[in-house]
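> Next come a sequence and a model predicted from it.
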4 protein chains.
Amino acid sequence: MKITDDHIAQSIEALRAIGREFHGRGWSLGTSSNYSIVLSRSPVRLLITASGKDKGRLSTDDFVIVDEWGKQVDGGPGAKPSAETLLHVVAARQPLIGSVLHTHSTWATCLSERYHSAGAMAIKGYEMLKGLEGIKTHDHTERIKIFENTQDIAALAAELQSLMQAGEPTLRFGFLLRRHGLYTWGRDCIEARRHVEIFEFLFEVIGRSLLLGNVPL
Amino acid sequence: MKITDDHIAQSIEALRAIGREFHGRGWSLGTSSNYSIVLSRSPVRLLITASGKDKGRLSTDDFVIVDEWGKQVDGGPGAKPSAETLLHVVAARQPLIGSVLHTHSTWATCLSERYHSAGAMAIKGYEMLKGLEGIKTHDHTERIKIFENTQDIAALAAELQSLMQAGEPTLRFGFLLRRHGLYTWGRDCIEARRHVEIFEFLFEVIGRSLLLGNVPL
Amino acid sequence: MKITDDHIAQSIEALRAIGREFHGRGWSLGTSSNYSIVLSRSPVRLLITASGKDKGRLSTDDFVIVDEWGKQVDGGPGAKPSAETLLHVVAARQPLIGSVLHTHSTWATCLSERYHSAGAMAIKGYEMLKGLEGIKTHDHTERIKIFENTQDIAALAAELQSLMQAGEPTLRFGFLLRRHGLYTWGRDCIEARRHVEIFEFLFEVIGRSLLLGNVPL
Amino acid sequence: MKITDDHIAQSIEALRAIGREFHGRGWSLGTSSNYSIVLSRSPVRLLITASGKDKGRLSTDDFVIVDEWGKQVDGGPGAKPSAETLLHVVAARQPLIGSVLHTHSTWATCLSERYHSAGAMAIKGYEMLKGLEGIKTHDHTERIKIFENTQDIAALAAELQSLMQAGEPTLRFGFLLRRHGLYTWGRDCIEARRHVEIFEFLFEVIGRSLLLGNVPL
């Protein structure tokens, strides 16, 4: 597949719009978060937000293009990939994943701490689960993996790669990093954005349910 | 009544505006929610959002028109009615219901769980109750039905039809589906939108009152 | 003082902007709330939102002008003053009150219930108190009156009139109606809007402080 | 360094945009908050919002320029510096501080009360800490100073000056005033705005974690 300039420009505009919306909702404050779109599969080319950029005000220069090892092959002046690019690359190696969105919300941060010791967070019995691609009924339990946070992204990426290749069921739609945030993905950035909205909704429901003393699971 | 193209176009614009607003408030995240407007009564024609569309970014093609059995008679290319269309149709059979709005909020989800075992949620003594059409005083208790969530929409629609025909008082303004969301309605989409705002406000008040230890009912 | 058309038009635009903002923040959902501006003092002429209008989408016709007894002397086609107009009129009889804003927020509703039995809510020791006109230090306790909610607005207006004439200190900046909302005022609608923001901020702080177990007073 | 009119105009526009955003998020309600930018260092010239202005609607006249003692040297008609200007001046004497942003949020107000007796608030182990300039790992504890609130700004400014000169580690990125709000800063207003977002995010996380019963520290 040849990557055209139009394809890149449209992908950049899609991620800029996602950035404005998520920053507005408080899911990508500071210069947190990274968003990516697979531009081609052979060779692998991933468009990803550059390190340290304000997601609410992304310019067209705030992106880089990396290969299947996360090595930069193109990008705006001064734009560099962040260390976490490797996690996007690992996810994007799966054939059905065309976009990866990483966000930082207050509820994801709080719940990743609360459920970390269990290794995963279970989300059970909510209609909104049907917003995750392929889930056909609310009568379902989705378990989302929680990794310990780390600055050794290479080691985490290797562990993620190994678990995803083995078909780890708690990695079907994404994962949480403890006290850090959410990674989720989809066939394209529209599906990935929907998955962010679904998870953030469910995290808020579970957080409020815990406060109300409902049994949330 | 003849349905004109202008009537359809205006109805579509009204529902698109509602979608942008409710998505912004977090009441219609992911591709959740469905909105409908009665276009005519003989024959019954209902304009309704198509299945699986993003309510914050509805295009003019993201709608279908269905008959009194929920069968599609028109719609944008590739647009299909969702299974829940039947619930809109059942409500719209009532002569005074001209629009049905279904939303998913975090508070509605939490409270539908909390009060589900009682079969209904009581809302008592709030001035905002007067925003429900025909309620003239805060000194009123409105009980809103809570159904168990289900994927068997046909069975739920039959139960709803039977209860509404019998004049079930907890179905005067709408109902909750457990761990799912709110259905409410009005003479037109302006009244229905107002009812959504009123219920969502009251759900948040009751949720916060529970957390504060006020006796909310 | 002669009321010019320009004066009326500017006052209408100011209240429409306030409506859009407060509706957006969730302080004027449904068709709740009423906003007024004193147009002249002799004779008394008060511009006020008409009954039952959506405050987020006020048109230029959604206003009426009333006299010192709340009797309508002008207004858009079909526009009628609401019953609560009398409370605005009573407040506006005070020489330093040029605008009255009535809002419905979730925190005001919850806290008016919690502190109702004490007859007033005390707000003590917050820097934001200095946003209330004339308060020069955070080392201050402002007590805001809480009335029982009622549909007998004439009786409430008479009680309010009597208390304000007697210089009741808990009515310096406004009052709460139990399970209903806030009335506040200022020299003009800019000061009144500031007072709404200050009170809503402080209500949220006190609500969250109660949840956190801080001693808020 | 010569201060050009363009430099002043751009700085004013940057602070107006910050005001619109922070007011929208509820961090600068009423006429609370003050924002400043260092225009030059010799002589010291600080552009700062004038006293009592609405931060959501700052006009180009709502600013003053002060010298290293906080004395006004220029400004819009009728614009005066607020008493708290001195705190901005003290911070801006540090060579690496080019902008100071003071905000009032509900969570900052609540947490400054809760942790006041400890003299500082510890923020530990969150990925978002890396949004504070120079923090390279989540495995970090940042302690932010909490001062008792006061109206004697001169005395507080002297204490702040003394502590900052002594390299007080809890003043690296800013401080809290009890029941009042946050001061934070950065090399420029972009970095300072990022620090506001980071602190506000972390305050909300810690507030919610306390409510959830997580051990947040």
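Now that the structure is in, tell me what you want to look at.

> ranges for the helices of chain A?
Per DSSP state H, chain A carries helices over the ranges A:5-25, A:85-92, A:106-114, A:153-165, A:189-212.

> low-confidence ranges in chain A?
Low-confidence segments of chain A, defined by pLDDT under 70, span residues A:1, A:215-217.

> Can you pull the residues of it lying near chain B?
A:125-128, A:131, A:136-139, A:190, A:194, A:197-198, A:200-201, A:204-205, A:208-209, A:211-212, A:214 (Cβ under 8 Å from any Cβ of the partner chain). Backbone N, C-alpha and C define where each C-beta goes, glycine included.

> which of the residues you listed are buried?
Buried subset of the residues of chain A next to chain B (neighbour count, 16 or more other Cβ atoms under 10 Å in any protein chain shown): A:125-128, A:131, A:138, A:190, A:194, A:197-198, A:200-201, A:204-205, A:208-209, A:211-212, A:214.

> Of those, which are in range of chain D?
residue A:211.

> what residues does chain A put near chain D?
Counting by Cβ under 8 Å from any Cβ, chain A sits next to chain D at A:26, A:29-32, A:54, A:104, A:106-107, A:109-110, A:113-114, A:149, A:151, A:177, A:179-181, A:207, A:210-211.

> In PyMOL, select just the buried ones from those.
In PyMOL, a selection of the buried entries from the residues of chain A next to chain D looks like this (16+ other Cβ under 10 Å):
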select buried, chain A and resi 26+29+30+31+32+54+104+106+107+109+110+113+114+149+177+179+180+181+207+210+211
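
> Pull the residues that contact stretch A:12-21.
Stretch A:12-21 is contacted from outside by A:28, A:33, A:35-37, A:47, A:49, A:55-58, A:60, A:63, A:101, A:189, A:193, using Cβ atoms under 8 Å, 6 or more residues apart in numbering or on different chains.

> Quick check: of those, which has the highest neighbour count?
Counting neighbours by other Cβ atoms under 10 Å in any protein chain shown, residue A:36 leads the contacts of stretch A:12-21 with 32 neighbours.

> tell me the contacts of that residue?
A:15, A:46, A:47, A:48, A:49, A:85, A:88, A:92, A:99, A:100, A:101.

> can you redo those as CSV with distance to residue A:167?
Output for the contacts of residue A:36, formatted as CSV (distance: Cβ to Cβ, whole Å):
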residue, distance to residue A:167
A:15, 29
A:46, 22
A:47, 27
A:48, 25
A:49, 29
A:85, 24
A:88, 20
A:92, 17
A:99, 21
A:100, 18
A:101, 22
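
> Find the residue closest to residue A:74 in space, skipping its chain neighbours.
Nearest-residue entry for residue A:74: residue A:65, 4.1 Å, with adjacent residues in sequence omitted and distances by Cβ to Cβ, 6 or more residues apart in numbering or on different chains.

> no, scratch that, I was asking about residue A:173
With Cβ to Cβ, 6+ apart, the residue lying closest to residue A:173 is residue A:132, at 5.3 Å.

> again with residue A:68
Using Cβ to Cβ, 6+ apart, the closest residue to residue A:68 is residue A:44 (3.6 Å).

> what about that neighbour, neighbour count?
16.

> Kindly report the same for residue A:3.
Other residues close to residue A:3 by other Cβ under 10 Å number 15.

> And residue A:60, its phi and psi?
phi -70, psi -20 (degrees, to the nearest 10).

> give the contact list for it.
A:9, A:12, A:16, A:76.

> Just the buried ones from the residues you listed?
The buried subset of these (16+ other Cβ under 10 Å) comprises A:12, A:16.

> closest to residue B:158 among the contacts of residue A:60?
Nearest to residue B:158 among these is residue A:16, at 47.6 Å by Cβ to Cβ.

> So the closest one versus residue A:37, what's the distance?
12 Å (Cβ to Cβ, to the nearest Å).

> which residues does whatever residue of chain A ends up closest to chain C contact?
Using Cβ to the nearest Cβ, the single residue of chain A nearest to chain C is residue A:211, 8.2 Å away. Contacts of residue A:211 were listed using Cβ under 8 Å, 6+ apart, and they are B:211, D:211, D:212.

> before we move on, what about residue A:147?
Neighbours of residue A:147 in contact, by Cβ under 8 Å, 6+ apart: A:156, A:159, A:160, A:175, A:176, A:177, A:178.

> if we can go back for a sec, going by distance to chain D, which of the contacts of stretch A:12-21 wins?
residue A:56 (8.5 Å).

> wait, doesn't residue A:205 sit right on residue B:106?
Yes. Using Cβ atoms under 8 Å, residue A:205 makes contact with residue B:106 at a distance of 5.0 Å.

> hey, what's in contact with both of the two?
Contacts common to residue A:205 and residue B:106, judged by Cβ under 8 Å, 6+ apart, are absent.

> tally of neighbours for residue A:187?
14.

> right, and it touches residue A:134 too?
No. The criterion here is Cβ under 8 Å, and residue A:187 misses it with residue A:134 at 10.7 Å.

> Might one say that residue A:145 is in contact with residue A:120?
Yes. Counting by Cβ under 8 Å, residue A:120 is a contact partner of residue A:145 at 5.2 Å.

> Now do the shared contacts for those two.
residue A:170.

> Could you tell me the end-to-end distance of stretch A:131-150?
30 Å (Cα to Cα, to the nearest Å).

> meant to ask about stretch A:111-124, not that
Terminal residues of stretch A:111-124 are spaced 15 Å apart (Cα to Cα).
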